[in-house]
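Trainee: how does the following fold in three dimensions:
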Amino acid sequence: MSVSRPPASFRHIHLELARESDHPAGDNAHGYDILAPLTADGFLDAEEWRAHRDKCRVRRFRPDDDDLIGRLKHSQGGKWYIDYDPDRDDDDERALHFENEQFRPGEYVAIRENDGTTHTFRVVAVRMLD
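Mentor: Take a look at the predicted model:
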């Protein structure tokens, strides 16, 4: 059985918790790994997402918690979110302003996690897929 590879526009995006009051140095054990298509200038590519949405995966990792695996989703209103269980909405996490964010190392993005807390994450790496 052959598994199709994501298109060349797909990148592995690694995010880590940025500095905040409870984590003055940030936290490299709290973050996300996102597999998603980017445009040449580093923005999420909604058109490529539509064509390959089943390949847009997310792994959330935190200290002392099991990793969560979900999918990056794009709503009709143009907003992005992370869906961990398609049968539930209460586990979704809102990717704040992802439609306007450039995913380049050193940039910052915000995610409202499913407990209602909004955190800022630093883009640590953006890599081509092997």
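Trainee: grab the nearest non-local neighbour of the spatially most central residue of the chain.
Mentor: What sits nearest the mean C-alpha location of the chain, by Cα atoms, centre = their mean, is residue 34, with 4.3 Å. Leaving aside its chain neighbours, residue 34 sits nearest to residue 13 (4.2 Å; criterion: Cβ to Cβ, 6 or more residues apart in numbering). C-beta here means a position set from N, CA and C on the backbone, and glycine is covered the same way.
Trainee: so what pLDDT did that neighbour get?
Mentor: Residue 13 is assigned 98 on the pLDDT scale.
Trainee: cool, and residue 86?
Mentor: 87.
Trainee: is it fair to say it lies in a helix?
Mentor: No - membership of residue 86 in a helix is not supported by DSSP: H, G, I helix; E, B strand; the rest coil, which gives coil.
Trainee: check the secondary structure at the nearest residue to it once chain neighbours are set aside for me.
Mentor: Leaving aside its sequence neighbours, residue 86 sits nearest to residue 71 (Cβ to Cβ, 6+ apart; 7.9 Å). Assigned state for residue 71: strand (three-state reduction, three-state DSSP).
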